[in-house]
Each structure stands twice: as C-alpha cells, then as structure tokens.
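Trainee: Need the 3D shape of this:
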Amino acid sequence: MRAALDLGADIVNDIWALRQPGAEAVVAQHPSCGVCLMHMHGEPRTMQRSPLQGDAVPQVLRFLRERTEALRGRGVAAERVTWDPGIGFGKTVEQNFALLARQDDLARDGYPVLAGWSRKSSLGAVTGQPVNERTAASVAAAVLAVERGARILRVHDVRETVAALKVFNAMRAAGAAPVETKT
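Mentor: The predicted model follows:
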C-alpha cells in the first residue's frame, strides 16, 4: 500500500477496511489519497463457509462507521472516505439483496457508496446464469444501486452500464439532477 501511494496512486481500496497492522498509519501519512473502506465478514478463503448471520444492513453500517471513526481519529478527513458494503464478501444472497434494497441507509451518512455488483454470484443465484452471461443482471443491479444512492460503480461491462445510466439520466432529467458518468 505504501509503495503504491509513494508511486502516485491516489486511492486505497482495501477489502480489509485498513484492519491490517500499519494500514491506518500508511493512509494517515498520505493526506491526499482517497480511502475506500469495504465490509467483509471473515476472510477471503473461508468467508462463504460461515457467512454473516442476521440483518446485514445494520451490521455493515455499524462496521463502516467504526472503521471511519478509527480513521478520523488518525486525522483522515471525512471527504477522503468512501464506503463499500462488500457485496458477496461473507454474506448470503438474501443479505446482498437486502443491502441493495436498503442501500440508501448507508448513503444517508454522507459518505460516497461504491457498489460492486458486476457478475456477482448472487446475481447468478437469482437468474440461474453462469458468470459470463450476467451482463444484463449486472447492469440492472448497477442502475438500482445508483437509484439508491451509489456514487461509484465497480463494473466489468463498462459500455453497457454507461448506456443504461444514460437512459436512467434521461428519465431523471425530467425532475432530478443526472448522475455523472465517466469511463
């Protein structure tokens, strides 16, 4: 992380939400970098064997608030922080969709929310489609995430997602500000 920042990286996107030894200090020492904190239950190798129990939304919200406060305590400015609920990282299909349905609960705290639904296994679980056929489902989830307050999308199918967001923005133009799209 330190090496990447020293070479000019301008954001840290950490699946551990800076819980690894020294990670908070590295970010605090680089005052211009953005920080994306992601919720993950367990660890990558085993997280799906024993997924999170109960209502994921308040647990994810509590976790992201705690991690943000830890960073704020080290002097990291609030405007540097982005939240990622960690779709698919130690959560059940139902919990992932609850996070999407109630994503505006996360957005209410004012931190930009990053949504990473692209080709996720939860989409395959509800559509029955293999990973290489999940473009439509991924795009639908991305648009729904934006509708519920996501400000950043992590996608594989950029062209299709941008086209869908253009349609969404055309609809919103009748009464709301459009969502910025960049590639």
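Trainee: Show me the shaky parts of this structure.
Mentor: 176-179, 183 (pLDDT under 70).
Trainee: And the strands in it?
Mentor: Assigned by DSSP state E, the chain shows strands spanning 11-14, 34-38, 81-84, 113-115, 150-153.
Trainee: could the ones you listed go into JSON lines alongside distance to Val131 and mean neighbour count?
Mentor: Where C-beta positions appear, they are placed from N, C-alpha and C, glycine not excepted. As requested, the strands of the chain are exported to JSON lines (distance: least, CB to CB, whole Å; neighbours: other CB atoms under 10 Å):
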{"stretch": "strand 11-14", "distance to Val131": "21", "mean neighbour count": "17"}
{"stretch": "strand 34-38", "distance to Val131": "21", "mean neighbour count": "23"}
{"stretch": "strand 81-84", "distance to Val131": "20", "mean neighbour count": "24"}
{"stretch": "strand 113-115", "distance to Val131": "18", "mean neighbour count": "23"}
{"stretch": "strand 150-153", "distance to Val131": "18", "mean neighbour count": "21"}
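Trainee: With distance to Glu24 as extra columns, can I get these in a markdown table?
Mentor: Formatted as a markdown table, the strands of the chain follow (distance: least, CB to CB, whole Å):
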| stretch | distance to Glu24 |
| --- | --- |
| strand 11-14 | 10 |
| strand 34-38 | 9 |
| strand 81-84 | 12 |
| strand 113-115 | 19 |
| strand 150-153 | 22 |
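Trainee: Ok, which of the ones you listed comes nearest Thr46?
Mentor: strand 34-38 (16.9 Å; CB to CB).
Trainee: could you say what helices and strands that closest one packs with?
Mentor: strand 11-14, helix 56-73, strand 81-84 (3 or more CB pairs under 8 Å, 6 or more residues apart in numbering; DSSP states H and E).
Trainee: Contact partners for the residue most central in space within the chain?
Mentor: By CA atoms, centre = their mean, the mean C-alpha position of the chain lies nearest to Asp84, the distance being 2.7 Å. For Asp84, the contact set (CB atoms under 8 Å, 6 or more residues apart in numbering) comprises 13, 36-39, 113-116.
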